[in-house]
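> Pasting a predicted model and its sequence here:
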Amino acid sequence: MPFDSSATVPSPAAVPPDPARPPQGYDGTAPFPSDGPAPARGGAELVYVTVTAAIVVLPFLALGAAGW
């Protein structure tokens, strides 16, 4: 039985465009388009950022103090 490759490969015109592709004006160098300044953080967000920073920074301070 001969293999007909034209029946298995769609032509370029028959392939729909990829919906996940960025718009043509986007060059991929910026992670997000600039929408202006970030909104002010609320109280809960400030607590979240402060606790996260403490969890990241305090172990390194403790290691530095233990080595000193």
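Done, it's in.
> So what's the model's average confidence on stretch 61-68?
Per-residue pLDDT over stretch 61-68 has a mean of 94.
> How about stretch 29-38?
72.
> What is the neighbour count of residue 40?
7 (other CB atoms under 10 Å). For glycine as for every other residue, the C-beta is placed from the backbone atoms N, C-alpha and C.
> Kindly provide the distance from it to residue 46.
Note on residue 40: its distance to residue 46, by CB to CB, to the nearest Å, is 10 Å.
> quick one: residue 35 from residue 48, how far?
Relative to residue 48, and taking CB to CB, residue 35 is found at 22 Å.
> neighbour count winner among those two?
Of the pair residue 35 and residue 48, residue 48 is the one with more neighbours under other CB under 10 Å, namely 12 against 6.
> what about the more buried one, helix or strand, and which?
helix 43-67 (DSSP states H and E).
> who does that helix touch, helix- and strand-wise?
Applying 3 or more CB pairs under 8 Å, 6 or more residues apart in numbering; DSSP states H and E, we find helix 43-67 packed against no helix or strand.
> Can you tell me the number of residues neighbouring residue 41?
A count of nearby residues for residue 41, using other CB under 10 Å, gives 11.
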